[in-house]
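Enquirer: Okay, predicted coordinates and the sequence, questions at the end:
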Amino acid sequence: LQLTDPVVTIGPNVRKYLGFPPNTFSPTSSSYLTESELALRSEVANALISGCYGALKRGSSSSSRAGGGGIGGLPNNINASLANVRCHIVDIDAEGGLNGMDALPGAMRAAASNAVSVVLDQNGGGKEESCRRLLEPTMDVEVMVPGEMVGVVLSDLSVRRGTVGDV
């Protein structure tokens, strides 16, 4: 499994709301606009994409809050970003319409980031076990230390979540 950065896509309803022509909605269309092109053409699209992408790169906000569970049952102080995740923006709406969104792109960025964070904090959509897993490298090592340093080394390995097989 190759790890990839999170991907954010914008659906047809959002593209229409942002005022892009109908022929830019389908990825099979020759005039389809990618998310990068949308971000360059619209400050609102840029704010939506960067807000979602930022939340995905930060991972679950519960992993940084006191009392919240970390990703995959890890302690709260472990910070992990997400990989192999696709965020698809289905629909947007605002009281002030598109003009209201254009006036406050920072608010759109914060709202998109908050929406993604809320979904991530739902711990797998209410399932008992989280659908997120921390992938980290493991290795077997042999450590040789003087007898008086064994306690210090074992303590250090324990703090780093190392598993000691034999002393």
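Expert: Okay, I see it. Numbers count the residues shown, from 1 in each chain.

Enquirer: Would you confirm that residue 87 contacts residue 6?
Expert: Yes - with contact defined as CB atoms under 8 Å, residue 87 reaches residue 6; the gap is 6.5 Å. C-beta: built from backbone N, CA, C; applies to glycine.

Enquirer: between those two, what contacts are shared?
Expert: Common contacts of residue 87 and residue 6 (CB atoms under 8 Å, 6 or more residues apart in numbering): 53, 56.

Enquirer: Quickly find the element holding the spatially most central residue of the chain.
Expert: The chain has residue 56 as the residue nearest its centroid, 1.5 Å off, counting by CA atoms, centre = their mean. Using DSSP states H and E, residue 56 sits within helix 43-58.

Enquirer: residue ranges of the strands in the chain, please?
Expert: Ranges of strands in the chain, per DSSP state E, are 7-10, 86-89.

Enquirer: Can you give the strand pairings for the last one, parallel or anti for each?
Expert: Partners of strand 86-89 in the sheet, by DSSP bridges, are strand 7-10 (parallel).

Enquirer: ok, and for the strand it pairs with, which residues are buried?
Expert: Neighbour counts using 16 or more other CB atoms under 10 Å place 8-10 of strand 7-10 among the buried residues.
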